[in-house]
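> mind folding the following:
(2 chains)
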Amino acid sequence: MNKTDIKPIDEALKVHYASKSLSNSQLDQLIAMQADTLKSPASADTDQAIQETRTGKTAKTGLSRFLPDFSGYRYAFYATACALMLVCLAVTFSLINQPPLSQRIMDEIAYNHKQDMPIEVASNSLDDIRKYLNRLSFPIISPTSLTMPNWQFLGGRYCSIDGKLAAQLKIKNLADNNIYTLYQASTEAGVDQLSNARLTDMIDGVGVSIWREKGLLLGLASSP
Amino acid sequence: MLDKENLNQLYRFAISLTNNDDQAYDILQTCVEKYLKADLTDIEKPVAYLKRMIRNEFIDQTRKKRFYRDVDQDVLCKISDQHSLNQVSLEDIFVQQSEVTALLGTMQPEEREILYLWAVEEYTIEEISQMKQIPRGTLLSKLHRLKKRVQLQQDSDNVLNLRVKS
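Numbering: from 1, shown residues only, chains lettered A, B, ... in the order given. Sure, this is the predicted structure:
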């Protein structure tokens, strides 16, 4: 044992810890870390620049002065912007792919016809039906194309066409004894975008015709 | 900005806690990163501030109860506290330089920290007491136990080749 190696504990500890030093690469790394963080614009005051770096409150220039500062919650802002963009795309896509109004109305008429809902008022008189369906914003008419006495009213009920209150009338063709449903709706809002020409189509086995007459939208549906 | 001398000082302080060079560097690096994210305008003494950070980081990394655990009961029972309220003189402990590493390895982190602050940074017992917010009597008691334990270890197995000058 080397007796000269023995010394007071404080001296021994000093020597021990003096032998412990960061390597050059470790020192470089720590100093570079500080330099990167403390890097500031050359023209700005150093302390102010450091503070701005910490808080993210950098001087605004140009248009950015008039825009809200979203830097504090950048990722939430990006996420919200992406979500809004997706919603806009989805809405645009659905609007582009939506069938035309006339097609939607004919689909709705075919659906109502197939439902075969019972009539609320049974009468052969148009006046009686008109009086019963008094919540309509228009008077029910007798279409010129359905000339009496070949056609006979059986009754009617309320229904919905394009989200609006409308009338569904049951009429009988005395020539072939078939029961038809006649629809009458106001041409307010979007319905007046329809052309005046009569449109006819076969939808899910239901023959549907729609046309405009005396300011109303009329539709006729029949099962073969 | 911390210069090389500051960084080495903090590194040594971290070693006094960890007794492990790699862990000391990891803690130092973590604390420097946290320090750089802090509001530097509020920090008057960066080195002292970082020492507190290093100590807290070490406690976080180590299990707190292990850091503050008492020395073994069989050792404690051999140590009388009757002199703890008097001045404890550490200068009269002599050790062999080549055994310092082994000696520090037998100590608790808090003991190594106190010894480091006293021997290397040359703080007085009063200053260490204020710095660590430990009552002076408690600190003296800890030092007294530490000194006695070193003596006991030396007497019992002679592993550390310590010699106490009386």
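
> drop to CA atoms for contacts and neighbour counts, all remaining ones
Fine.

> in terms of pLDDT, where does residue A:221 sit?
With respect to pLDDT, residue A:221 scores 94.

> give me the helices and strands touching the host helix or strand of it, please.
In the assignment (DSSP states H and E), residue A:221 maps to strand A:216-222. Here strand A:216-222 touches helix A:101-115, strand A:178-186, strand A:206-213, going by 3 or more Cα pairs under 8 Å, 6 or more residues apart in numbering or on different chains; DSSP states H and E.

> residue B:130: which of these is closest?
helix A:101-115 (84.2 Å; Cα to Cα).

> with just CA atoms, put the closest one into PDB.
The C-alpha trace of helix A:101-115 is given here as PDB (Å, rounded to 0.1, in the frame of the first residue of the first chain):
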ATOM      1  CA  LEU A 101     -84.800  19.000 -58.300                       C
ATOM      2  CA  SER A 102     -87.200  17.500 -60.800                       C
ATOM      3  CA  GLN A 103     -85.800  14.100 -60.300                       C
ATOM      4  CA  ARG A 104     -86.000  14.400 -56.500                       C
ATOM      5  CA  ILE A 105     -89.600  15.500 -56.700                       C
ATOM      6  CA  MET A 106     -90.500  12.600 -58.900                       C
ATOM      7  CA  ASP A 107     -88.700  10.200 -56.600                       C
ATOM      8  CA  GLU A 108     -90.700  11.700 -53.700                       C
ATOM      9  CA  ILE A 109     -94.000  11.400 -55.600                       C
ATOM     10  CA  ALA A 110     -93.300   7.800 -56.500                       C
ATOM     11  CA  TYR A 111     -92.400   7.000 -52.800                       C
ATOM     12  CA  ASN A 112     -95.700   8.700 -51.600                       C
ATOM     13  CA  HIS A 113     -97.700   6.800 -54.200                       C
ATOM     14  CA  LYS A 114     -96.200   3.400 -53.100                       C
ATOM     15  CA  GLN A 115     -96.900   4.200 -49.400                       C
END
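
> next, the angle strand A:206-213 makes with that helix.
Relative orientation of helix A:101-115 versus strand A:206-213 (axes from the mean of the first three to the mean of the last three Cα atoms, to 10 degrees): 130 degrees.

> angles on the backbone of the residue nearest to the spatial centre of chain A, please.
With distances taken as Cα atoms, centre = their mean, the residue of chain A nearest its centroid is residue A:91 (4.6 Å). Per-residue torsions, residue A:91: phi -60, psi -50 (degrees, to the nearest 10).

> what pLDDT does it get?
We have a pLDDT of 89 for residue A:91.

> distance of it relative to residue B:3?
Relative to residue B:3, residue A:91 is positioned 59 Å away (Cα to Cα, to the nearest Å).

> picking up where we left off before, return the most buried member of the helices and strands packed on strand A:216-222.
When the helices and strands packed on strand A:216-222 are scored by mean count of other Cα atoms under 10 Å in any protein chain shown, the highest mean neighbour count falls to strand A:178-186 (a mean of 23).

> report the strands that pair with that one, each with its relative direction.
Looking at strand A:178-186 with DSSP bridges, its partner strands are strand A:164-173 (antiparallel), strand A:216-222 (antiparallel).

> of those, which is nearest residue A:110?
strand A:216-222 (6.6 Å).

> show me what counts as buried in the closest one.
By neighbour count on 16 or more other Cα atoms under 10 Å in any protein chain shown, the buried set for strand A:216-222 is A:216, A:217, A:218, A:219, A:220, A:221, A:222.

> so, in contact with chain A or not, stretch B:135-147?
No. Stretch B:135-147 does not reach chain A (Cα under 8 Å from any Cα of the partner chain); its nearest approach is 10.7 Å.

> so the closest residue to residue A:218 other than its chain neighbours versus chain B, what's the distance?
Using Cα to Cα, 6 or more residues apart in numbering or on different chains and skipping residues adjacent in sequence, the residue nearest residue A:218 is residue A:184, 4.7 Å away. Noted for residue A:184: a distance of 72 Å to chain B, by Cα to the nearest Cα, to the nearest Å.

> please name the bridge partners of residue A:184.
residue A:167, residue A:218.

> next, the contact list for it, please.
Residue A:184 is in contact with A:140, A:166, A:167, A:168, A:216, A:217, A:218, A:219, counting by Cα atoms under 8 Å, 6 or more residues apart in numbering or on different chains.

> in contact with the fourth one, which residues?
Read it as residue A:168. Taking Cα under 8 Å, 6+ apart, one finds A:156, A:157, A:158, A:159, A:181, A:182, A:183, A:184 in contact with residue A:168.

> from those, pick the one nearest chain B.
residue A:159 (67.8 Å; Cα to the nearest Cα).

> list phi and psi for the closest one.
Residue A:159 adopts backbone torsions of phi -150, psi -170, taken as degrees, to the nearest 10.

> I'd like to know how many residues surround it.
By other Cα atoms under 10 Å in any protein chain shown, the residues close to residue A:159 number 18.

> possible to save the helices and strands packed on strand A:216-222 as CSV with mean pLDDT?
What follows is the helices and strands packed on strand A:216-222, written out as CSV (pLDDT from 0 to 100):
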stretch, mean pLDDT
helix A:101-115, 90
strand A:178-186, 92
strand A:206-213, 91
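
> same list (the ones you listed) but as JSON lines, adding distance to residue B:121.
JSON lines is the format used below for these (distance: least, Cα to Cα, whole Å):
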{"stretch": "helix A:101-115", "distance to residue B:121": "87"}
{"stretch": "strand A:178-186", "distance to residue B:121": "95"}
{"stretch": "strand A:206-213", "distance to residue B:121": "98"}
